[in-house]
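Pasting the sequence and the predicted coordinates here, then a few questions.
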There are 2 protein chains.
Amino acid sequence: MRLFSMVDRSKLINPRDSRQLCAGAPLYAAGSAGLAWRVRHGVVRLDTPSPTGESAFASLAIAGDIVGCETLLFGAYTFSASALTHCELSPWPEGETATAGESLLESLAIAQRRAADVVALRGGQAVDRVVGLIRLLTDHGGKVVLPTRQDIADITNLRFETISRIIKGLERSGVLATVRIEGVHATRAYAVNLEAAVG
Amino acid sequence: MRLFSMVDRSKLINPRDSRQLCAGAPLYAAGSAGLAWRVRHGVVRLDTPSPTGESAFASLAIAGDIVGCETLLFGAYTFSASALTHCELSPWPEGETATAGESLLESLAIAQRRAADVVALRGGQAVDRVVGLIRLLTDHGGKVVLPTRQDIADITNLRFETISRIIKGLERSGVLATVRIEGVHATRAYAVNLEAAVG
DNA sequence: CGCATTTTTGATACACGTCAATCTCCGTGG
DNA sequence: CCACGGAGATTGACGTGTATCAAAAATGCG
């Protein structure tokens, strides 16, 4: 098994199989069965069903990550998944069985990296956590559509009032600026200048 | 590929290959190259090198988890690893190349589950986080050797003084009781009665 | 236009952080 | 065997960053 190279997977994707989700829409529920997915765009939120009945934030999945693979082993999802932002998913595995080992190894490495990112979003000062999350969500053009205050609060382990205050603060200090992106809710779409947040 | 079964891997392990580490001992450093390992006993702490030079807690690996697999893809470790408790590791992969896909899929599922556990340790009331960690560390006989206060603090995102106060409190309320296990530092080995912590 | 939902803002409380002084454990060497 | 020293743990007093509670304002939708 060759280990030091990666697969160009782009030609293997059939666009007809991909699935689009609006922000907030559920993808699957813990305990049910279904497909595993690869996140192609956007961000997925994973939740663990907690003993008390409600569910608690568990992790994030971003472009490139695989979600729900446990259903292939156990026949049921461990977590619930929902779209944090508008996103696009394609079924997994993608037919590259010949290179399955390599692809999986890469996915494992990505999962561990992602886990560390999420852990980092739950430590340090409140502002830094929020900025850290925004950094994760921002596209290369410097634009973000933020999740609801409540979602941000769940991820960073803060309260939505605190998130509101912080985001307003970032706006006032010029780190975030409201923009309108093709009809997207104006209070959630921002242009980002994160370098300013460092100083 | 059969997906709904798991591999009995026990007969594949060569005891001569396994490696023992004392609590606190480093396993590998971020950026260097080496083997990937499966954790057989004990708990490993992973740290990300932070921009400021120091390193920050990133994740935990417990019996069954795989650490350092990114070195097989990139030729360098992403995290630093050290033993949180006395632990035993064996090189990975373990020679079961025939079933590599299945084994990896299982590892990926475990990694995601573990990530959720660690995230949960950084949310909620301070006492609950500490109890949650102790729960993760406790063996089936109800015994734990706790890491240092500082390590617990790093993992739960609290300060070591706070951890000290909480653990003393748990002792006083009968949830933890100091015991002596074959010469192990008495202030770190405990018998646990975690049910008492729920009430 | 009016209603439900989300966001903002204010006032106040408290859990945990911070700083600093001991204390305990345990290895070392006289 | 005991004095010494260093690392980790404990404890106290005090400060502060967020949580909490409550109310108003903004937003989006039918």
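Noted; the coordinates are in hand. Because the structure is a prediction, the values reported are computed rather than measured. Numbers count the residues shown, from 1 in each chain, chains lettered A, B, ... in the order given.

For B:A33, see how far away A:T187 is.
A:T187 sits 48 Å away from B:A33, going by C-beta to C-beta, to the nearest Å. C-betas here are computed from N, CA, C, even on glycine.

Next: A:R172.
A:R172 sits 47 Å away from B:A33, going by C-beta to C-beta.

Mind checking the pLDDT average for stretch A:53-65?
If you average the pLDDT over stretch A:53-65, you get 92.

got a list of contacts for that stretch?
With C-beta atoms under 8 Å, 6 or more residues apart in numbering or on different chains as the test, stretch A:53-65 has contacts from A:30, A:38-50, A:67, A:79-81, A:84, A:107, A:110-111, A:114-115, A:117-118, A:136, A:154-155, B:112, B:115-116, B:119-120, B:123.

Of those residues, select the buried ones using a PyMOL command.
This is the PyMOL syntax for the buried subset of these, where burial follows 16 or more other C-beta atoms under 10 Å in any protein chain shown:
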select buried, (chain A and resi 30+38+39+40+42+43+44+45+46+47+48+49+67+79+80+81+84+107+110+111+114+115+117+118+136+154+155) or (chain B and resi 112+115+116+119+120+123)
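
how about the residue nearest to the spatial centre of chain A, what does it touch?
For chain A, the residue nearest the mean C-alpha position is A:V43 (2.8 Å; C-alpha atoms, centre = their mean). A:V43 makes contact with A:60-62, A:83-85, A:87, A:136-137, A:147, according to C-beta under 8 Å, 6+ apart.

Which pair in the residues you listed has the greatest spatial separation?
A:A83 and A:L136 (15.2 Å; C-beta to C-beta).

helices or strands up against the longest helix belonging to chain A?
Secondary structure assigned by DSSP state H gives helix A:100-120 as the longest helix of chain A. Under the contact definition 3 or more C-beta pairs under 8 Å, 6 or more residues apart in numbering or on different chains; DSSP states H and E, helix A:100-120 sits against strand A:55-62, strand A:66-67, strand B:43-49, strand B:55-62, helix B:70-74, helix B:100-120.

same thing but 7 Å
Applying 3 or more C-beta pairs under 7 Å, 6 or more residues apart in numbering or on different chains; DSSP states H and E, one finds that helix A:100-120 contacts strand A:55-62, strand B:55-62, helix B:70-74, helix B:100-120.

now those as TSV including distance to B:G24?
Formatted as TSV, the helices and strands packed on helix A:100-120 follow (distance: least, C-beta to C-beta, whole Å):
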stretch	distance to B:G24
strand A:55-62	28
strand B:55-62	14
helix B:70-74	22
helix B:100-120	19
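
Make CSV from those and add distance to DNA strand C to it.
Compiled in CSV, these are given as follows (distance: least, C-beta to the nearest atom of the strand, whole Å):
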stretch, distance to DNA strand C
strand A:55-62, 15
strand B:55-62, 13
helix B:70-74, 30
helix B:100-120, 14
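
Which one, of the ones you listed, ends up nearest to DNA strand D?
Smallest distance to DNA strand D across the helices and strands packed on helix A:100-120 (C-beta to the nearest atom of the strand): 13.1 Å, for strand A:55-62.

From the chain's centroid, how far away is the closest one?
8 Å (C-alpha atoms, centre = their mean, to the nearest Å).

which bits of chain A sit near DNA strand D?
Within chain A, the positions near DNA strand D by C-beta under 7 Å from any atom of the strand are A:125-127, A:157-159, A:161-162, A:185-187.

ranking those by neighbours, who comes first?
A:L158 (20 neighbours; other C-beta atoms under 10 Å in any protein chain shown).

Thought A:V127 was touching that one, still the case?
No: counting by C-beta atoms under 7 Å, A:L158 sits too far from A:V127 to count as a contact (10.0 Å).

if you go through chain A in chain order, where are the strands?
Using DSSP state E, the strands of chain A run over residues A:19-21, A:26-28, A:36-41, A:43-49, A:55-62, A:66-67, A:80-83, A:87-92, A:143-145, A:176-178, A:189-192.

Adding distance to B:A56 as columns, could you present those in a markdown table?
Compiled in a markdown table, the strands of chain A are given as follows (distance: least, C-beta to C-beta, whole Å):
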| stretch | distance to B:A56 |
| --- | --- |
| strand A:19-21 | 32 |
| strand A:26-28 | 31 |
| strand A:36-41 | 25 |
| strand A:43-49 | 22 |
| strand A:55-62 | 18 |
| strand A:66-67 | 25 |
| strand A:80-83 | 27 |
| strand A:87-92 | 28 |
| strand A:143-145 | 24 |
| strand A:176-178 | 25 |
| strand A:189-192 | 23 |
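
Deepest in the core, which of these is it.
Compared across the strands of chain A, strand A:66-67 shows the largest average neighbour count, a mean of 24 (mean count of other C-beta atoms under 10 Å in any protein chain shown).

Partner strands of that strand and their direction?
Paired neighbours of strand A:66-67 in the sheet (DSSP bridges): strand A:36-41 (antiparallel).

Relative to DNA strand C, how far out is A:T48?
20 Å (C-beta to the nearest atom of the strand, to the nearest Å).

Dig out what that residue forms beta bridges with.
Bridge pairing for A:T48 - DSSP bridges - gives A:A56.

residues in contact with the nearest residue to A:S55 once chain neighbours are set aside?
Excluding the flanking residues, the one nearest A:S55 by C-beta to C-beta, 6 or more residues apart in numbering or on different chains is A:D47, at 4.1 Å. By C-beta atoms under 7 Å, 6 or more residues apart in numbering or on different chains, the contact set of A:D47 is A:55-58, A:79-80.

Equivalent analysis for A:P91, please.
A:P91 neighbours (C-beta under 7 Å, 6+ apart): A:17, A:35, A:37.

From B:N193, how far out is it?
According to C-beta to C-beta, A:P91 and B:N193 sit 47 Å apart.

got it, and A:R172?
Taking C-beta to C-beta as the measure, A:R172 falls 51 Å from B:N193.

If anything else comes up later, I'll come back, but that's it for now.
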